[in-house]
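>>> Quick one: sequence plus predicted model below, questions after.
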Amino acid sequence: MLSQTPAGDPHTASVRRRVRIVTLLDAANHAGMTPMPILRFHAVAYLANVLAPVWQLDAHDGRLLKRRGGPFYPALQKDLDRLTGMGLVHLTQLRHQEEARGRWRLDGSYDLNYRFASPVLDCLQAISDDERMTRAYICELLLALSSLSDDDIDTAMQEDATYSDPQVTEGNVIDFAEWSDRNWTATAAEHFRDILPSGDRTTPGEQLHLYVAHLHRRLHGAR
Amino acid sequence: MPASLGPWADADFVTTGRLHNGIGADQELPASVRFRRNVAKLLKRRHSVEDARRDSLAVFILSPRRPDLVTHPRIPMLDNGRTEVVGRIWFVNEAVRTGHYIEDISGDDALVFDTICTQIGLGDSPAVVFDPRLATPEIRFYPDGLSNGDTCIVHAISDTYVSADTINRVVERIYESSFITPNAGVPGTSSVWQDSGQCWPSRNAEAIIQAHLKTGLHAHFFDCDVRHEQPSKAGRLDLEIERPDPNDYFTITRLAVIELKVLRSFRYNGRAVRDDAIPRWITKGVGQVVAYRIERHAQMGFLMCFDMRDTDTGEQCFSHVSSLARDRSVCLSRWFLYNSSEAYRAAGLV
């Protein structure tokens, strides 16, 4: 088992997902990217999973279903809805969004309600070095992603090294840290160490920023 | 290109590296230090663009959330210098890779300050004000916000001047503000002392000093990267100052390598250090600097000693290596850490 995904206790798994949601939204706020629409949130959650090895961390969730519309984690969404109901997360700009083939879905944008979320964040900081490290990682990732336009983030999966892998077709599972450790995204980010003058001294932060910069270049036609 | 890169096997990583190398190298620094450095880098890049505006202020506030007054969408890739920044108030994160702005602040400079402090309520957030109208355009950094204008650091937009003197002056300032006595540091931060009364340094004294120096050098030499604990053939290098070429980040000028030593009479647990240990450490330190400097092709090499011994014996600790250091161009410096304010006053320095 490569990822931290707990196999058993569903309550613990749900708590861990809620912690991840609060951390992601706090980092998004810190980077100036909130409120964040649903699918963009799931895309960012996926990138936080797939790039975790760059920061010497395990993926929170090491596999997902490949969808045409981009990453979507049903269990994460359920916990996001739950946190919205609890008042920790604000849902704004609620609207209907047309998808392909005349299908519609409910969309909205998420942000943290710091009145209730601040004590949670304070508590997470006090729990362990691992939580502090995870928070530092996700904050740096969101800072890197903030260099992309909203449209670029929404279409990033067309070029992300793992999600765009043609060997995994839509409707199949992308597994990068559950039973398989084939993670093209983290490998590409870490590859910058091999070519930069700073070599092994290249920081994980630089690798994240460079991966996102290269993603941007590919989205705009470079190879 | 290795096949193990999957769909990115054909990727042109080198061009990306040339354009963006160094972004994120400051990941461990405090947000306000990163903000100041990254705004300065952006302004330097933007100011070199021929048709950039030079007729008004540009103001940057470290506050990434979009204020209600802002109507424009978020600007991505702000750090590439292609977006006009002058005549606007910017709300950015510490990486300064994106921002929101309020337009048309030309005219009354006082009104700009008033808008930020009163109307928007961000007078306490770290801010940078850039005035390109001056003969030598300058950057004013307000770490405590525009409401606290007395605390302001002014510097020019040109390349920072890195010499042995400037490096030593920056370290001297860090020493005075953080280490000269146990009370000098910011309350609540890690102390270099395990038990200052007994002159027992902390187990992590060298790491704490290194972290402070890294932050201070990064803040002062905003266009340089300061890297630490670099594994190398010659051992592990404490700090290295390097300047990437802004037009090609693959071209690095390595300006200085710095080896840090903590001189101590006791270990963290009170065990006494042998008398002959100090000269040995210093000799070893000079050898390390020489080796690092050659290996890294660095212009300057420093052995910086933070003296936490129970008695200040001055520079005589260097007497046995002074000619070797001179011959091999190693700058030697020493800062004595008083174990109490009383000891500092008794030394007649106030």
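Looks like it arrived, so ask away.
>>> okay, CA-based contacts and neighbour counts for the rest of this
Fine.
>>> how near is the residue nearest the centre of chain A to A:Arg20?
Centrality entry for chain A: nearest residue to the mean C-alpha point is A:Ala45, 2.1 Å, by C-alpha atoms, centre = their mean. Counting by C-alpha to C-alpha, to the nearest Å, the separation of A:Ala45 from A:Arg20 is 8 Å.
>>> re the thing from before, confidence score at the residue nearest to the centre of chain A?
Looking at A:Ala45, its pLDDT is 98.
>>> Skipping adjacent residues, who's closest to it in space?
Counting by C-alpha to C-alpha, 6 or more residues apart in numbering or on different chains, A:Ala45 lies nearest to A:Leu24, which is 7.3 Å off, once chain neighbours are set aside.
>>> my guess is that neighbour is in a helix, correct?
Yes - secondary structure of A:Leu24 (DSSP: H, G, I helix; E, B strand; the rest coil): part of a helix.
>>> Test my guess that it contacts A:Ala136.
No - using C-alpha atoms under 8 Å, A:Leu24 is not in contact with A:Ala136; the gap is 10.8 Å.
>>> Would you confirm that B:Ser158 contacts B:Leu43?
No - counting by C-alpha under 8 Å, B:Ser158 does not reach B:Leu43; the two are 10.0 Å apart.
>>> Pick out whichever of those two has more residues nearby.
B:Leu43 (22 against 13; other C-alpha atoms under 10 Å in any protein chain shown).
>>> Return the backbone torsion pair for the more buried one.
phi -60, psi -40 (degrees, to the nearest 10).
>>> what's near enough to touch it?
Listed by C-alpha atoms under 8 Å, 6 or more residues apart in numbering or on different chains, the contact set of B:Leu43 reads B:Gly81, B:Phe130, B:Ile157.
>>> Show me which residues of the stretch 1-150 of chain B sit near chain A.
B:4-8, B:10-14, B:16-17, B:20-27, B:63-66, B:74-78, B:92-93, B:95, B:97-99 (C-alpha under 8 Å from any C-alpha of the partner chain).
>>> Got a quick PyMOL command for the buried subset of those?
To isolate the buried ones among the residues of the stretch 1-150 of chain B next to chain A in PyMOL, judged by 16 or more other C-alpha atoms under 10 Å in any protein chain shown, type:
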select buried, chain B and resi 5+6+7+8+11+13+16+17+20+21+22+23+24+25+26+27+63+64+65+66+74+75+76+77+78+92+93+95+97+98+99
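>>> Strands - which of the residues of the stretch 1-150 of chain B next to chain A land there?
B:Ile75, B:Pro76, B:Val92, B:Thr98, B:Gly99 (DSSP state E).
>>> model confidence over the helix or strand containing B:His228, on average?
Per DSSP states H and E, B:His228 falls inside strand B:225-232. Strand B:225-232 shows a mean pLDDT of 74.
>>> Equivalent analysis for stretch B:163-176, please.
96.
>>> Of A:Leu24 and A:Ala136, which one has the most company?
A:Leu24 (23 against 17).
>>> Distance from the chain centre to stretch A:166-177, please.
Centre-to-centre, stretch A:166-177 and its host chain are 17 Å apart (C-alpha atoms, centre = their mean, to the nearest Å).
>>> what sits against the residue of chain A most remote from its centre?
Distance from the centre of chain A peaks at A:Pro197, with 29.0 Å (C-alpha atoms, centre = their mean). Applying C-alpha under 8 Å, 6+ apart to A:Pro197 gives the contacts B:Phe250, B:Thr251, B:Ile252.
>>> Repeat that for B:Val14.
Neighbouring residues of B:Val14 by C-alpha under 8 Å, 6+ apart: A:Ile195, A:Leu196.
>>> can you give me the helices for chain A?
A:10-30, A:38-50, A:74-86, A:114-127, A:129-145, A:150-155, A:184-195, A:204-219 (DSSP state H).
>>> swap in the stretch 251-350 of chain B?
B:277-296, B:322-327, B:341-346 (DSSP state H, counting those that start in this stretch).
>>> which strands and helices sit next to the longest one?
Using 3 or more C-alpha pairs under 8 Å, 6 or more residues apart in numbering or on different chains; DSSP states H and E as the contact criterion, the neighbours of helix B:277-296 among helices and strands are strand B:248-264, strand B:300-308, strand B:330-336.
>>> where does the chain dip in pLDDT?
In the absence of a named chain, this looks at chain A. A:1-8 (pLDDT under 70).
>>> Chain B was what I was after
B:1-3, B:106, B:187-188, B:229-236, B:349-350.
>>> Is it possible to get a markdown table of the helices of the stretch 251-350 of chain B that adds mean neighbour count and distance to B:Ser125?
Converted to a markdown table, these look like this (neighbours: other C-alpha atoms under 10 Å in any protein chain shown; distance: least, C-alpha to C-alpha, whole Å):
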| stretch | mean neighbour count | distance to B:Ser125 |
| --- | --- | --- |
| helix B:277-296 | 18 | 39 |
| helix B:322-327 | 14 | 45 |
| helix B:341-346 | 12 | 33 |
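>>> Give me every residue in the stretch 251-350 of chain B lying close to chain A.
B:Thr251, B:Ile252.
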